[in-house]
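Novice: Got a predicted structure plus its sequence, pasted below:
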Amino acid sequence: TPLLPRLNRRPQFILGALSIGCHMFLLGADSFLGFSSSISSLNYLPMLLLISFGFNFGIGIGTIPFTLTGEIFPQQLRTYGCAISTASRYVMQFIQLKVFFLIVSSFGMCGAYWIHGCVALLGSVFAFFLLPETRDKTFTELEQIFEGNIERDSEEN
């Protein structure tokens, strides 16, 4: 979309993770308290939250990993780094899908939502403290940032 290239990656990730966390906590609360099943005017609440979740994921953190993999690795390791990080992402998604049913059987659907919400909030904390801004930086500047020669712009964003 035309909006995404104009946004800084760090705030986009932080706000996207916070948004996803809020969606997951609201879905967990609805699952636990049964608002949508007991109040007829809220029957569509889970569907609206899931659609909103998908939209927020797409404009929030969904694109960041693919963008950052092309920026964080040094030039000579970029091909291998992108391949390994993308493969790792898909392996972790597979593991998450396999563990999902175990989580639901142990903690219920509301527990699954809340666990995913906590992970999303931890992701925003991680991004706030450890993820440098990479937008509009040259590859030389990026290599210096990740080598630790330049301080991250944590106050700027």
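Specialist: Looks like it came in fine.
Novice: what's the next secondary structure element after the helix ranked longest in the chain?
Specialist: Ranked by number of residues, the top helix in the chain under DSSP state H is helix 78-130. Elements were assigned by DSSP states H and E; along the chain past helix 78-130, the next helix or strand is helix 139-147.
Novice: surely residue 61 meets residue 11?
Specialist: No: using CB atoms under 8 Å, residue 61 is not in contact with residue 11; the gap is 11.4 Å. C-betas here are computed from N, CA, C, even on glycine.
Novice: residue closest to the middle of the protein?
Specialist: residue 61 (4.2 Å; CA atoms, centre = their mean).
Novice: give me phi/psi at it?
Specialist: Backbone torsions of residue 61, given as degrees, to the nearest 10, read phi -90, psi -10.
Novice: repeat for residue 34
Specialist: The phi/psi pair for residue 34 (degrees, to the nearest 10) reads phi 70, psi 30.
Novice: That one: what's it in contact with?
Specialist: Going by CB atoms under 8 Å, 6 or more residues apart in numbering, residue 34 touches no other residue.
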